[in-house]
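Participant: Got a sequence here, can you build the structure:
(4 chains)
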Protein chains: 2
Amino acid sequence: MARKRPTINDVAAASGVSRGTVSRVLNGHANVSLAAELAVRRAVIETGFVVNRAARSLKTSRTGSIVMVLSEPQERLFEDPNFSVVLRAATRRLADRDTALVLMVAGDRGGRDRVARYLRGGHADGALLVSAHAGDPLLEAVEHSGIPVVACGAVLGRESAVPYAAADDRGGARQITEYLAGLGRRRIGMITGPLDTPGGALRMEGFTDVLGRKATKRMVVHGDYTQAGGERAMRTLLENAPALDAVFVASDLMASGALRALHDAGRAVPGDVAVGGFDDSAIATATSPMLTTVRQPLEEVAGEAVRLLVALLDGDRVESVVLPTELVVRDSA
Amino acid sequence: MARKRPTINDVAAASGVSRGTVSRVLNGHANVSLAAELAVRRAVIETGFVVNRAARSLKTSRTGSIVMVLSEPQERLFEDPNFSVVLRAATRRLADRDTALVLMVAGDRGGRDRVARYLRGGHADGALLVSAHAGDPLLEAVEHSGIPVVACGAVLGRESAVPYAAADDRGGARQITEYLAGLGRRRIGMITGPLDTPGGALRMEGFTDVLGRKATKRMVVHGDYTQAGGERAMRTLLENAPALDAVFVASDLMASGALRALHDAGRAVPGDVAVGGFDDSAIATATSPMLTTVRQPLEEVAGEAVRLLVALLDGDRVESVVLPTELVVRDSA
DNA sequence: CCTATTGATGTAAACGCTTCCAATAGCGTT
DNA sequence: AACGCTATTGGAAGCGTTTACATCAATAGG
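Facilitator: I've put the predicted structure just below:
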C-alpha cells in the first residue's frame, strides 16, 4: 500500500510520449496528434493519475481556487439564514471548472488580517465577498490585493468599485409596500434592518419610494435582523403610531417577532394589522399566520456572482447584475 | 504596480542570511541564532513576504488545507438549517493553524466523483464529513483515499470505521420523551426523520428507549425533515391515534408543520396535545406556541470534529465524542 | 595546544508541473 | 532535387520551497 502517487512522468512512460506531450494533452493544447492524445488518455486512466495542483500552481501561478469571504459581524449570514443555498449554487457553478472553493470568515480583526494575508499571498485566483459592509476595512484589503473580486449582494456606498450580483432589495420593498397600499391600508409602518447593510438601507428606500411624504419618521423603526429586535421594534411602533394598519418588516425573522408583539397587543393579523416580511425563509411558513413576504432569488444571485467572477478571471469585463424579487402572498397580508 | 510577489530569496537578501535560514525561521526549527531570527522576522515584515503555499506543498506534500465534504442528498444540511454555526466553529478552530477550509458538495454522482478525485489527488490533508449517510458510496471513497477523516455527526452503521463528533441524539430524544411522560401524558406519538440518517434513527431509538412496549407501531410515523412532511405525518398520526395527547417530532421544521396540522384539526397545543421538537433552530421561537425542543450543541460538535481531525493529522489516536443535548422548555409542552 | 563536539549557517538537490525552444519529419513547391 | 513550410514532439529550464548535507567557527576536554 501507500504506493507513491503517479506523476506525469509515469503517464509519459506508460504512453510512450514525452512529459511535454502529456502536459499538452492534459491542458488541451492544440497540435497534438490524435494517436498521442489517445495514448495519453488511456495511460492517465491506467495509472490513475491526478494532476498535482501544487506543482501546476507553482509553475503557472494560478491556484485553481477561489475564496468565499464571509464578512459576518453578527450571526447573520448574507442577511439570510439560508446560507446553504448560496453555497450550493456557488459550488455547483464552480464544479465543471474544477476550481476549489475555500471559505474564510472575516468576523473579527484577526479574521480580516488572515483573509488579507491569504489574498496578498496569491493563494486564490479570485474572491467572492458575501454580505460586505459599508466602510468595511475588509473591502479595502480585498480590493487592494489585486485579485478579481465580486460581491454577493450589493456593496453599500461604493457601487462602482466592486461588481456584484444582488437581489433587487429596493424593488422588492417597493413591491410589498405597494401591495400593502393596494390592500387599502393607509397607515403603513416599517421595521428596517441595520442601515449600514445594503439590504437594510435599500429595503427602506423602496418603502419610502412608494410612500414618499406619507412615510413619517415616526412610522419607521430600526431593527437589527433578530427576532427579539423585531418584537421590540413592533412594540415601539405601536406606541408611536397606535392607529397603524400595516407594517413592512425587513426580514422574516424580525417579522416573526413583530407577529408576537402584535399578538400580545391584541391586534389581529391581518385583520387589524397586515404584516409583510422579506426573504421568504423557512420561518415564513412556520409562523401563524404564515407570512406574506418577498422571495429573494438567492440561488440565482450566488450563481450570477460566481459567473461574474469566472468571467473576470477569464479576463472579460463585467457588469453588476440585479435580479428581480417575487412577491409571495400568504396569510399575514 | 503589479510588483512581483517577494519570495524567500528576497527575504534572505534583505536580512543578510541564506534561504535555508529564512526557511528555518519560518518553520520554527531549532538551531537558529537569535540575531538571525530577529533579522529574518524584520525582513519578512519589511518585504511583505507571504509564503507560497504551492511551493511549500510541492516540497512537503502537505497542502495546508482540509476539505469539508457535504453529502447532502436533499436540501438538508447537517440535518439542520443552521449550517453557518458549523462553518463558523470549523473555521475558527482552523484559524490559528493557518489551514484553509475548502468546501465540496457531494450531492450527486458527479459530485462524489469530484470529491473522490480531489482526495485521491492529495489536494487536502484531511476530510471533514458532514452528515454522512448509511451506505453512502462517498464514505467508502473517502476512507479509501487514505487521508485522515472525521465525521461531523454520527456515521450510521459503521461506527467503528470513522471517528466522529456528534450530539447525543438518542439521549436528547430520551430527555424530551421523558419530559413529555413526566407531564402526565400517556399517549405519546412520534414523527421521525428519515431512518437512513443517524439523527433519524437515533432519535427514534431514544423515544422507544423510554416508552418501550408502550410505543406501538401505529404511534410512530416517519417524516422527511420537511415542514410539509411534518404536517402530513401529523395528520396520519391523528388518524391512527385520535386519542394521542403528546407528540415528539424529530425536528423543529417538521414540528412547525405538525403544529399547523394540529391547529387545523382543532387540537389545542399544549392543552390537548403537547408537542416536542428537536434542534432548537430559529424556527422554534417563530411558531405559536413556541416550541419546547432539544438544543444540539452544534458549535461544539463542529469544534470537536475539527479538533479530532487536527489530532489525527498530528498523528495522534482519537476517540469519537458524543456531546450532551439540552432540553429547552417553552410553550408547546 | 590539539582534537572532538556542538551549534549555526550556507548550498544544492529535489518536489511535479508547464512551456519555450529547437529538432524532426512529412509534404507540397519551385 | 533542394527548399521552405507546418505539425508534432522531445528536451530542458525554471516556479519557490524544504531539507539533507557539508562547512565552519567556537567551545570544551584531554
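
Participant: need the helices for the stretch 201-333 of chain A, in chain order.
Facilitator: Using DSSP state H, counting those that start in this stretch, the helices of the stretch 201-333 of chain A run over A:227-240, A:252-264, A:298-313.

Participant: So which bits of the first one are buried?
Facilitator: Looking back up the chat, that one is helix A:227-240. By 16 or more other Cβ atoms under 10 Å in any protein chain shown, the buried positions in helix A:227-240 come out as A:Gln227, A:Gly229, A:Gly230, A:Glu231, A:Arg232, A:Ala233, A:Met234, A:Arg235, A:Thr236, A:Leu237, A:Leu238. In this view, the C-beta of every residue, glycine as well, is placed from N, C-alpha and C.

Participant: Go through these and name the one nearest B:Val210.
Facilitator: Here the nearest of the buried residues of helix A:227-240 to B:Val210, counting by Cβ to Cβ, is A:Gln227; it sits at 31.5 Å.

Participant: can you pull the contacts of the closest one?
Facilitator: By Cβ atoms under 8 Å, 6 or more residues apart in numbering or on different chains, A:Gln227 lies in contact with A:Leu253, A:Met254, A:Ser256, A:Gly257, B:Ala282, B:Thr285, B:Ala286.

Participant: Quick check: which of these has the minimum pLDDT.
Facilitator: Of all those, the one the model is least sure of by pLDDT is B:Ala282, with 84.

Participant: Return the distance of that residue relative to A:Glu326.
Facilitator: B:Ala282 sits 22 Å away from A:Glu326, going by Cβ to Cβ, to the nearest Å.

Participant: the more surrounded of these two?
Facilitator: In terms of neighbours (other Cβ atoms under 10 Å in any protein chain shown), B:Ala282 is the more surrounded of B:Ala282 and A:Glu326; the figures are 21 against 14.

Participant: pretty sure that one is touching A:Ile283, no?
Facilitator: Yes. Distance between B:Ala282 and A:Ile283: 6.3 Å, which falls inside the contact criterion (Cβ atoms under 8 Å).

Participant: how about the helices of the stretch 201-333 of chain A in TSV, adding distance to A:Lys4?
Facilitator: Formatted as TSV, the entries for the helices of the stretch 201-333 of chain A read as follows, by distance: least, Cβ to Cβ, whole Å:
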stretch	distance to A:Lys4
helix A:227-240	56
helix A:252-264	53
helix A:298-313	33
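
Participant: do you know which of the ones you listed lies nearest B:Ile45?
Facilitator: helix A:298-313 (30.5 Å).

Participant: ok, A:Leu180 to A:Pro194 distance?
Facilitator: Here A:Leu180 is placed at a distance of 22 Å from A:Pro194 (Cβ to Cβ).

Participant: These two: who's more crowded?
Facilitator: More crowded of A:Leu180 and A:Pro194, by other Cβ under 10 Å: A:Leu180, with 27 against 20.

Participant: looking at this, that one is in a helix?
Facilitator: Yes. With DSSP: H, G, I helix; E, B strand; the rest coil as the criterion, A:Leu180 is assigned to a helix.

Participant: Next one: it, what pLDDT does it get?
Facilitator: 97.

Participant: what sits against it?
Facilitator: A:Leu180 sits in contact with A:Ile188, A:Ala246, A:Phe248, A:Ala274, A:Gly276, A:Ala333, where contact means Cβ under 8 Å, 6+ apart.

Participant: one more time with 6 Å, if that's ok
Facilitator: With contact set as Cβ atoms under 6 Å, 6 or more residues apart in numbering or on different chains, A:Leu180 has these partners: A:Ile188, A:Ala246, A:Ala274, A:Gly276.

Participant: A:Leu128 now?
Facilitator: When contacts are counted by Cβ under 6 Å, 6+ apart, A:Leu128 is found next to A:Met68, A:Val150, A:Cys152, A:Ala305, A:Leu309.

Participant: Which secondary structure element is home to A:Leu129?
Facilitator: Assignment of secondary structure by DSSP states H and E places A:Leu129 within strand A:126-130.

Participant: helix or strand right after that strand?
Facilitator: Using DSSP H and E, the next helix or strand after strand A:126-130 towards the C-terminus is helix A:137-144.

Participant: What pairs with the helix or strand following that following helix, parallel or antiparallel?
Facilitator: The first helix or strand that comes after helix A:137-144 along the chain, using DSSP H and E, is strand A:149-152. With DSSP bridges as the test, strand A:149-152 is paired with strand A:126-130 (parallel), strand A:164-167 (parallel).

Participant: Please dump those strands into a markdown table; it should also carry mean pLDDT for every row.
Facilitator: What follows is these, written out as a markdown table (pLDDT from 0 to 100):
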| stretch | mean pLDDT |
| --- | --- |
| strand A:126-130 | 90 |
| strand A:164-167 | 92 |
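
Participant: so which of those gets nearest B:Val322?
Facilitator: The closest approach between B:Val322 and any of the strands paired with strand A:149-152, judged by Cβ to Cβ, belongs to strand A:126-130 at 32.6 Å.

Participant: Quick check: bridge partners of the most centrally placed residue in chain A?
Facilitator: Central residue of chain A (Cα atoms, centre = their mean): A:Cys152, 4.0 Å from the mean position. Under DSSP bridges, the beta-bridge partners of A:Cys152 are A:Val130, A:Ala165.

Participant: Identify the residues contacting it.
Facilitator: Taking Cβ under 6 Å, 6+ apart, we find A:Cys152 in contact with A:Leu128, A:Val130, A:Ala302, A:Ala305.

Participant: from those, which is closest to DNA strand D?
Facilitator: Within the contacts of A:Cys152, distances to DNA strand D taken as Cβ to the nearest atom of the strand reach their minimum at A:Leu128, with 25.2 Å.

Participant: And the helix or strand bottoming out on mean pLDDT in chain A, what's buried?
Facilitator: When each helix and strand of chain A is scored by mean pLDDT, DSSP states H and E, helix A:137-144 comes last, with a mean of 80. For helix A:137-144, the buried set under the neighbour-count rule, 16+ other Cβ under 10 Å, comprises A:Leu138, A:Leu139, A:Ala141, A:Val142, A:Glu143.
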